[in-house]
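> fold the stuff below for me.
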Amino acid sequence: MLALKLALVPGFLAALTMVGRAWGPSVAGWLAGLPVVAGPIVLLLALERGTAFAAQASATSIAAIAALEAFNLAYAWTCRTCRWPVALGAGLLAWAVVAASLVRLPATLAWSLMAACVAVAVSQAGLPRVAGAVPSARAGVADLVARMLAGALLTLAVTTLSASMGAAWSGMLSVFPLLGIVLAVSAQRAHGAGFVALLMRGMVIGRASFAAFFAVIALMLPTFGVLPAFACGALVSVLVQGATKRLIAMSRKSRAPLAALD
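Predicted coordinates:
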């Protein structure tokens, strides 16, 4: 089990870094919104703490999208005028305030979905607009090692402390903005605030697949068990991801003729 905890999330972070190198910040940010970090953590919670515990954590994980968007908004706007330590502090403060508020509210699936939808709408409207071209990311070996180490530590912390924290905080911390932190800081240091804004707009797009995954888990896990619930959740997540990608492509095609007229 320890080997599984140390391998799942760091492996995804390494893959995500390679994607950022190949296809740029929009695609990397979009994939960063998928449940491949929080998903394995909740899977480990289900194996160690039981299906009822993991189902409640899954519902809270959806509501935690609101805390992620609070981090993104605070960081994206602060980094336009401040260096990354100040922007990171502002983002973490915003995340902590929203997260502490969310865990005090009813952890129902309906409420969680509503909170996530409102947060995504606000974030999509409120994130800074980006004009001009943004260069592709080139993360170094040190950045990659730092990301993988952070992923392993987050997994160990949540699964180890879950008994004392309870399901609500376990679900909330499983969606801690780990990717947002490591990607935003490295992006700002290398390319500036415009790159950060584009990256975080990609993250907003990926929230639909994330929410769909955990909604299926929360509904199916208590009745059908771990394997069927996570298999169906992964399938639905992939389908929603594909639909999102198709909608993005259609939107870009529809804007192309208008751009040609300008």
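> quick check: which ranges of the stretch 1-150 of the chain have low pLDDT?
Scanning the stretch 1-150 of the chain for pLDDT under 70 picks out 1-9, 12-13, 16-17, 19-21, 24-34, 131-144, 147.
> residue 178 versus residue 36, what's the distance?
12 Å (CB to CB, to the nearest Å). (C-beta placed from N, C-alpha, C; glycine too.)
> should've said residue 42
14 Å.
> ok, the two, which is more surrounded?
residue 42 (31 against 21; other CB atoms under 10 Å).
> and that one, what helix or strand is that in?
helix 38-49 (DSSP states H and E).
> what's that helix packed up against?
In this structure, helix 38-49 packs against helix 2-23, helix 51-78, helix 141-165, helix 167-174, helix 207-224, helix 226-261, with contacts taken as 3 or more CB pairs under 8 Å, 6 or more residues apart in numbering; DSSP states H and E.
> including mean neighbour count, could those helices go into a markdown table?
Below are the helices and strands packed on helix 38-49 laid out as a markdown table (neighbours: other CB atoms under 10 Å):
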| stretch | mean neighbour count |
| --- | --- |
| helix 2-23 | 17 |
| helix 51-78 | 26 |
| helix 141-165 | 17 |
| helix 167-174 | 25 |
| helix 207-224 | 22 |
| helix 226-261 | 13 |
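> of all those, which lies closest to residue 102?
Residue 102 lies closest, by CB to CB, to one member of these: helix 51-78, at 4.9 Å.
> tilt between that closest one and helix 207-224?
Interaxial angle, helix 51-78 versus helix 207-224 (axes from the mean of the first three to the mean of the last three CA atoms, to 10 degrees): 170 degrees.
> now the angle from helix 51-78 to helix 141-165?
Using the same axes, to 10 degrees: helix 51-78 against helix 141-165 is 130 degrees.
> so which bits of the following helix or strand past helix 51-78 are buried?
Sequence order places helix 84-102 as the next helix or strand after helix 51-78, per DSSP H and E. Of all the residues in helix 84-102, those buried under the rule 16 or more other CB atoms under 10 Å are 84, 87-88, 90-92, 94-95, 98-99, 102.
> farthest pair in the residues you listed?
84 and 102 (26.0 Å).
> quick check: which ranges of the stretch 151-262 of the chain have low pLDDT?
Looking at the stretch 151-262 of the chain by pLDDT under 70, you get 163, 245, 247-262.
> can we see that at 50?
256-262 (pLDDT under 50).
> what sits against residue 10?
147-149, 151-152 (CB atoms under 8 Å, 6 or more residues apart in numbering).
> need those in JSON lines with distance to residue 215, can you?
Output for the contacts of residue 10, formatted as JSON lines (distance: CB to CB, whole Å):
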{"residue": "147", "distance to residue 215": "28"}
{"residue": "148", "distance to residue 215": "29"}
{"residue": "149", "distance to residue 215": "31"}
{"residue": "151", "distance to residue 215": "24"}
{"residue": "152", "distance to residue 215": "27"}
